[in-house]
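1. Make a model of this:
(one chain, ligands or ions: 2)
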Amino acid sequence: MDKILEVKNLKVSFRTSGGTVKAVRHISFDLERGKTLAIVGESGSGKSVTSKAILGILAGNSIIEGGEILFDGMDLLKIDEETMCDIRGNRISMIFQDPLSSLNPIVKIGRQITEAMLLKDKGNRSTARRDFNDLLAIIKENSTAALGKESEAKVAEMCKKFDEFNIESNHMQESYNNAKNVAEDLISDAEDFLFLASKNQKLDVKSDLKTMADKLKKVKDEFYTYGMDEKVDAAYLELKNAASTAKRGKISDIPEGVINAVKDVEDHMRTLNSQTEPDFFRIGFYKQNNPETDLHAMPVEELNEFCLDYLNENFMLEYLDMEQKGVEYSYRTALEKKKSVIDELKEDRTFFEQEGLSRTDAHKKAKELAAMVEDSIDKLEINKDSVAYTFGHALEDAIDRYYNAVVKNPKEEARYAKQSAKRDALIAKGKTVDWKVVPKLVYDLDELKGNMTAVMDNMIVHYENYIAAGEPDFSKRSVEIVDFMKYKAAAVVHKITRSMAKEKAIELMEEVGIPEPRIRYNQYPFEFSGGMRQRIVIAIALAANPDILICDEPTTALDVTIQAQILELINKLKAERDLSVIFITHDLGVVANMADEIAVMYAGKIVEFGTADEIFYDPRHPYTWALLSSMPDLDTKEKLDAIPGTPPNMIYPPEGDAFAARNKYALQIDFEQEPPKFHVSDTHWAATWLLHPDAPKVEPPRIIVDRIERMKKRSGGSI
Ligand SMILES: Nc1ncnc2c1ncn2[C@@H]1O[C@H](COP(=O)(O)OP(=O)(O)O)[C@@H](O)[C@H]1O
Ligand SMILES: [Mg+2]
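-> Ligands and ions are numbered 1, 2, ... in the order given. Next up, the predicted model:
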């Protein structure tokens, strides 16, 4: 099983003037890669709170009381806002019930799709600059240490030079990229213009031509338009002339000269776009040292080669040599520290094994160890050592579990003893007792203690293996670092432009089934139907190509036929993009053809969990029965059984099974003790006392038994 997301023991409350609302109470579930998990329950059961906790967008009065949300080796409840921001939208996306709440009514649809892409891109560029600087600083520090104090000035100078010629290169690259972006913009404008003209749409020809002419002026760049400047100027004049005579109109009114001028612009821009790109990393260095030379004396391919030789001879080989010494130094010092970490861990694990280490001392020790491990990481390794980076969290976590159990176990023992005594006393008096004592829920302290040392052992083995693997190839690593920095430097100036974003948006609109996306791109949300709006919201959610899509009641605001289309779309996208989906709904009927697994939620807890087949064909919790009975049935047109009563007040959640008060099958014990999970199969469990071996036998309601029969007959066994 490949789990992409694991929610463990999540507990979320809200502070309100009336008291603390216990919205989500210790829920756990896994989402498997490429699968759909449905979370189903009445309004207020905690579905949205769960999904918002995953995305880190809970309201300000929320308290995360406990638990973990593991994604990609991280606990989403522990990472900083910056990392979370990167995950939100990029890796995990969400769509909500009401598409209008996610759309701005006065901004055109196209812009709303591209905005998300552009904003993300801006964030990526600023972190790229920081990564570049950080890495250079680490190289400088290690190379100085490796080469000794007397080389300090030399190392500083080389690092400065590396930085400076990268800046020079970036300037050229940026100007080139800007020109190229305008050219791509123009291709897109010309395509739009010609497309709309061919569809006989009304066009503001004068203004469109003027916009294109203005852009054409910005295409010029020393490298980008080299040798084409005259053609660009001529095209500019052609457009200007065409614009001066043009007016608003349809294709039949547009003179042929105008169409030709636009076609010319498109052709020229395509020619420019197909040129070989100069390698500015090399050229930048040459220019820095020879500012007066005419770089256009040779063709681009030759220039790239020439500048590479020049760069290597005059700087790069020497720089790589220096950097390699730094890389080696960093590796060796970190290696020594790793050895000390192993010794320290081996020594300290006995503390954790002995009785008597207090909780405070354990935490103090964990912090020290985490700091030591952190310090032993080779910062010039490009691939992060995730075991070392997560060691601190893992150890703290194991400590918390152990010490919590130390406190809780005796309480649980006392509870059990008291209830057993009460039951025995009643039986001794000859009374009939229709409730059972809840089994003892005590944790195995030895096992939990073992977990603490296991985290440390794991770290020891990991570092021992690391040491056994031997030295890396330092010269290879040092080239890799230069490549990595080149890549980061390029990311700083490589903007996603409006036109790139637009073309991608149009593709996305096509993918989510919007007809005529080029026309729809420029319309406002009110010009779309509800279903089309939800498709747009889905397109926005997919813009950054996430791994997980959370759908919170995505079809509740839509009418039935449209609902089916959106569900089909989500299914299609899931398959095509290998998405993992969390699908939240209050309507079990909606998920029959969607979900691989279903979690039934009531009053902040999961009360039943199973595959879709198990939940539909073999439901076990009376609440699941109630949900199934209230599901519309097109076959029989039977009157629906609304679930009687109302959900409990979550400031004072009831003891026992929270559904007991509305459950006609409730046993006495349901009002007193919280039912544990009873497993029906490996994949199916329910938290209801009805599954206890001593419970009276209860059949599901008639309406459900009948329906299951019918469903089985119709589909031959599978929904
Ligand atoms: N910001 C908040 N402040 C107080 N209570 C809240 C807040 N957000 C949600 N709740 C409460 O948490 C519970 C679960 O809500 P929610 O997850 O939105 O339910 P649903 O299952 O309908 O999505 C409800 O009782 C709701 O009133
Ligand atoms: Mg909700």
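2. Phi and psi next, for the most centrally placed residue in the chain.
-> The centroid of the chain falls nearest to Arg91 when counting by CA atoms, centre = their mean (2.2 Å). Main-chain torsions, Arg91, degrees, to the nearest 10: phi -110, psi -40.
3. Check His679 too.
-> With angles defined as degrees, to the nearest 10, His679 shows backbone torsions of phi -80, psi 130.
4. what's near enough to touch it?
-> Remark: with contacts taken as CB atoms under 8 Å, 6 or more residues apart in numbering, His679 is in contact with Trp685. The C-beta positions use only the backbone N, C-alpha and C, and glycine is treated the same way.
5. same check, this time on Ile460
-> Residues near Ile460 by CB under 8 Å, 6+ apart: Ile342, Leu345, Lys346.
6. Could you report the pLDDT at Lys231?
-> For Lys231, the pLDDT comes out at 90.
7. Now do the strands in the stretch 601-719 of the chain.
-> In the stretch 601-719 of the chain, the strands defined using DSSP state E, counting those that start in this stretch lie at 605-611, 678-681, 684-686.
8. List the buried residues of the second one.
-> When burial is assessed from 16 or more other CB atoms under 10 Å, strand 678-681 yields the following buried residues: Phe678, Val680.
9. quick one: strands adjacent to it?
-> Here strand 678-681 has these sheet partners by DSSP bridges: strand 684-686 (antiparallel).
10. One more: the longest one?
-> Using DSSP bridges, the strands paired with strand 605-611 in its sheet are strand 597-602 (antiparallel), strand 684-686 (antiparallel).
11. Tell me which of those approaches ligand 1 most closely.
-> Between ligand 1 and the strands paired with strand 605-611, the tightest spacing by CB to the nearest ligand atom is seen for strand 597-602, at 6.8 Å.
12. Identify the residues contacting that closest one?
-> By CB under 8 Å, 6+ apart, the surrounding residues in contact with strand 597-602 are 27, 29, 32, 35-42, 45-47, 50, 588, 591, 606-612, 615, 621, 623-624, 627, 647, 658-659, 683.
13. Distance check, Ala242 against ligand 1.
-> Distance of Ala242 to ligand 1, given as CB to the nearest ligand atom, to the nearest Å: 57 Å.
14. Distance check, that residue against Phe528.
-> When CB to CB, to the nearest Å is applied, the distance between Ala242 and Phe528 equals 34 Å.
15. Which of those two has more residues huddled nearby?
-> Just comparing Ala242 and Phe528: by other CB atoms under 10 Å the higher neighbour count belongs to Ala242, 23 against 19.
16. Flag every buried residue along stretch 28-48.
-> Applying a neighbour-count criterion of 16+ other CB under 10 Å, one finds 29-31, 34-42, 44-48 buried in stretch 28-48.
17. What of stretch 54-65?
-> Using 16+ other CB under 10 Å as the test for burial, stretch 54-65 gives Ile54, Leu55, Gly56, Leu58, Ser62, Ile64.
18. With ligand 1 in mind, check whether it reaches it.
-> Yes - under the criterion of CB under 6 Å from any ligand atom, stretch 54-65 makes contact with ligand 1 via Ala59, Asn61.
19. All the strands of the stretch 51-200 of the chain, in order from the start?
-> Per DSSP E, counting those that start in this stretch, the stretch 51-200 of the chain has strands spanning 62-71, 74-75, 92-95. These are given in chain order.
20. contacts for the second one?
-> Under the contact criterion CB under 8 Å, 6+ apart, strand 74-75 has outside partners Glu68, Ile69, Thr83, Thr390, His393.
21. Distance to Thr127 and pLDDT added to those residues, as a markdown table?
-> Written out in a markdown table, the entries for those read as follows (distance: CB to CB, whole Å; pLDDT from 0 to 100):
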| residue | distance to Thr127 | pLDDT |
| --- | --- | --- |
| Glu68 | 26 | 91 |
| Ile69 | 23 | 93 |
| Thr83 | 10 | 82 |
| Thr390 | 21 | 79 |
| His393 | 22 | 82 |
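22. Out of the residues you listed, which two sit at the greatest distance?
-> Spatial extent of the contacts of strand 74-75 (CB to CB) is set by the pair Glu68 and Thr83 at 15.5 Å.
23. Confirm for me that Glu374 is in contact with Asp385.
-> No - counting by CB atoms under 8 Å, no contact exists between Glu374 and Asp385, whose distance comes to 10.5 Å.
24. And the two? Which one has more around it.
-> Neighbours were counted for Glu374 and for Asp385 using other CB under 10 Å; Asp385 has more, 18 against 14.
25. Check the spacing between the closest residue to that one other than its chain neighbours and ligand 1 real quick.
-> Of all residues beyond its chain neighbours, the one nearest Asp385 is Ile377 (5.8 Å), with distances taken as CB to CB, 6 or more residues apart in numbering. From Ile377 over to ligand 1 the distance is 39 Å, taken as CB to the nearest ligand atom.
26. Verify the contact between Ile377 and Ala388 for me.
-> Yes - applying CB under 8 Å as the test, Ile377 and Ala388 come out as touching, 5.2 Å apart.
27. Comparing those two, which shows the higher neighbour count?
-> Per other CB under 10 Å, whichever of Ile377 and Ala388 has more neighbours is Ala388, with 22 against 18.
28. and the direction of the helix or strand containing that one versus that of strand 62-71, what angle?
-> Using DSSP states H and E, Ala388 sits within helix 386-428. Between the axes of helix 386-428 and strand 62-71, defined by axes from the mean of the first three to the mean of the last three CA atoms, to 10 degrees, the angle is 120 degrees.
29. The stretch 301-450 of the chain: helices as residue ranges?
-> 317-353, 359-375, 386-428, 445-468 (DSSP state H, counting those that start in this stretch).
30. Can you check which of those helices gets nearest to ligand 1?
-> Evaluated with CB to the nearest ligand atom, the helices of the stretch 301-450 of the chain place helix 386-428 nearest to ligand 1, the distance being 25.0 Å.
31. Who are the packing partners of that closest one?
-> In terms of contact count using 3 or more CB pairs under 8 Å, 6 or more residues apart in numbering; DSSP states H and E, helix 386-428 is assigned the packing partners helix 359-375, helix 445-468.
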